[in-house]
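Asker: Okay, here's the prediction I keep looking at, along with the sequence it came from:
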2 protein chains.
Amino acid sequence: MQHLDRLVRALRRLPGVGPRQAERFAAYFLRASQGEVEEFITALSEVKSSVVLCPKCFAYSEGDLCEICQDPDRDVTQICVVEDPQDIESIEKTGAYKGLYHVLHGAISPMEGRSAEQVKVRELLARVQNANPKIQEVIIATDPDSEGETTALYLADLLRGQVPQITRIGYGVPLGGDIDYMDEMTLGYSLKGRTKI
Amino acid sequence: MQHLDRLVRALRRLPGVGPRQAERFAAYFLRASQGEVEEFITALSEVKSSVVLCPKCFAYSEGDLCEICQDPDRDVTQICVVEDPQDIESIEKTGAYKGLYHVLHGAISPMEGRSAEQVKVRELLARVQNANPKIQEVIIATDPDSEGETTALYLADLLRGQVPQITRIGYGVPLGGDIDYMDEMTLGYSLKGRTKI
């Protein structure tokens, strides 16, 4: 069954997909109608041919500048720095942010040999230096893991003096979380970051 | 981002894939090289054009009869009945079975309105009746859940008198399982099915 094996191998390259799930996905495609599979292939081909990186913020875009960079209602003096394009949608859903974004496409990782040169750090610096009107705040929203922290510290050093305010997203207990099960680091941050009620 | 949204919608149709995972898969395809994506599309198209159902046992096949039905070393007097084509690979891995298979493509489910007519039951009966040499044993290896049980009982009734031996796979505690955490039904079956050591 060489064709089927080849499809299963291709499906295994999807992030987080193991051998059983790849087989189940292949079985789905085998059961699906020809029309459904064609629709899938068309969607995939069109994405590859039409989705580009926004030249300003490096989010995904289907035009030249992305929708957010083009939006006249956004606050152009704020930049929120994220690791991945998908992070933007999560932040947008909160409705708590109306500025622009900057996608690094990864985090600095000495362990994996990923240096600042391999993510869009230089582009961020150039953007901050050339911005008109001036950037007032850079919010660093990299992941709260060791790579994200390393990146946040690196960016804070790099941008110091270039932007009036450099901030990091707040740490704390997630809503719906259980204090009992929370790790001590998070709980410590949540105590330090306590607010009046 | 209509093209990207369309791909995410298509990916959500994969079994067990939620909105976040579909977005991660789409991000994988966006990051992947053009070559990788083309390889994926080719694998998918070839599977759709070359994989058919074996006309005898309804397993997937890339020729006419499937590899197992074509294999002269298999015991053609035994048929193991499974719900899905993937089940065959799991059973083959045990090395404990050398007969033929019959894939129902589902289980009888009154809850979901799936009758015996909608799975390959009639085909199984015809196969048993027309087999030469005669089938000596039908092993019913449908899933040990309520649909699989319903199907097993239905098949046992249907085939009674047509085949010398109709068997059901054994229930019991899975290896590596913990007696403590086992449900009472399974444990009850495991006691009934005890063997001498």
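Answerer: Arrived safely, thanks for sending. Residues are numbered from 1 along each chain as shown, chains lettered A, B, ... in the order given.

Asker: can you give me the helices for chain A?
Answerer: A:2-12, A:19-31, A:34-50, A:67-70, A:85-94, A:121-130, A:146-159, A:184-192 (DSSP state H).

Asker: any chance of the ones you listed in TSV, with distance to chain B too?
Answerer: Just so you know, the C-beta spots here come from the backbone N, C-alpha and C atoms, and that holds for glycine as well. Listed next are the helices of chain A as TSV, based on distance: least, CB to the nearest CB, whole Å:
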stretch	distance to chain B
helix A:2-12	4
helix A:19-31	5
helix A:34-50	4
helix A:67-70	7
helix A:85-94	5
helix A:121-130	17
helix A:146-159	17
helix A:184-192	21
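
Asker: Just put the ones you listed in JSON lines and tack on mean neighbour count and mean pLDDT.
Answerer: Converted to JSON lines, the helices of chain A look like this (neighbours: other CB atoms under 10 Å in any protein chain shown; pLDDT from 0 to 100):
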{"stretch": "helix A:2-12", "mean neighbour count": "18", "mean pLDDT": "93"}
{"stretch": "helix A:19-31", "mean neighbour count": "18", "mean pLDDT": "92"}
{"stretch": "helix A:34-50", "mean neighbour count": "16", "mean pLDDT": "93"}
{"stretch": "helix A:67-70", "mean neighbour count": "16", "mean pLDDT": "96"}
{"stretch": "helix A:85-94", "mean neighbour count": "15", "mean pLDDT": "88"}
{"stretch": "helix A:121-130", "mean neighbour count": "15", "mean pLDDT": "97"}
{"stretch": "helix A:146-159", "mean neighbour count": "18", "mean pLDDT": "94"}
{"stretch": "helix A:184-192", "mean neighbour count": "13", "mean pLDDT": "81"}
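
Asker: just checking, what's the longest strand in chain A?
Answerer: Longest strand in chain A by number of residues (criterion: DSSP state E): strand A:75-82.

Asker: ok, and what's touching that strand?
Answerer: A:57, A:88, A:91, A:97-104, A:124, A:127-128, A:131, A:133-142, A:155 (CB atoms under 8 Å, 6 or more residues apart in numbering or on different chains).

Asker: Restricted to buried residues, select the residues you listed in PyMOL.
Answerer: Restricted to buried positions by 16 or more other CB atoms under 10 Å in any protein chain shown, the PyMOL selection for the contacts of strand A:75-82 reads:
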select buried, chain A and resi 57+88+91+97+99+100+101+102+103+104+124+127+128+131+135+138+139+140+141+142+155
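
Asker: which residue is nearest the centroid of chain A?
Answerer: Centroid-nearest residue in chain A, with CA atoms, centre = their mean: A:Asp84, separated by 2.0 Å.

Asker: That one is in contact with A:Tyr101, isn't it?
Answerer: No. Using CB atoms under 8 Å, A:Asp84 makes no contact with A:Tyr101, being 10.9 Å away.

Asker: Distance of A:Ala131 relative to chain B?
Answerer: With distances taken as CB to the nearest CB, to the nearest Å, A:Ala131 is found 25 Å from chain B.

Asker: got a list of what that residue touches?
Answerer: Per CB under 8 Å, 6+ apart, neighbours of A:Ala131: A:76-77.

Asker: cool, and A:Lys134?
Answerer: Neighbours of A:Lys134 in contact, by CB under 8 Å, 6+ apart: A:Thr77.

Asker: In terms of pLDDT, where does it sit?
Answerer: A:Lys134 is assigned 95 on the pLDDT scale.
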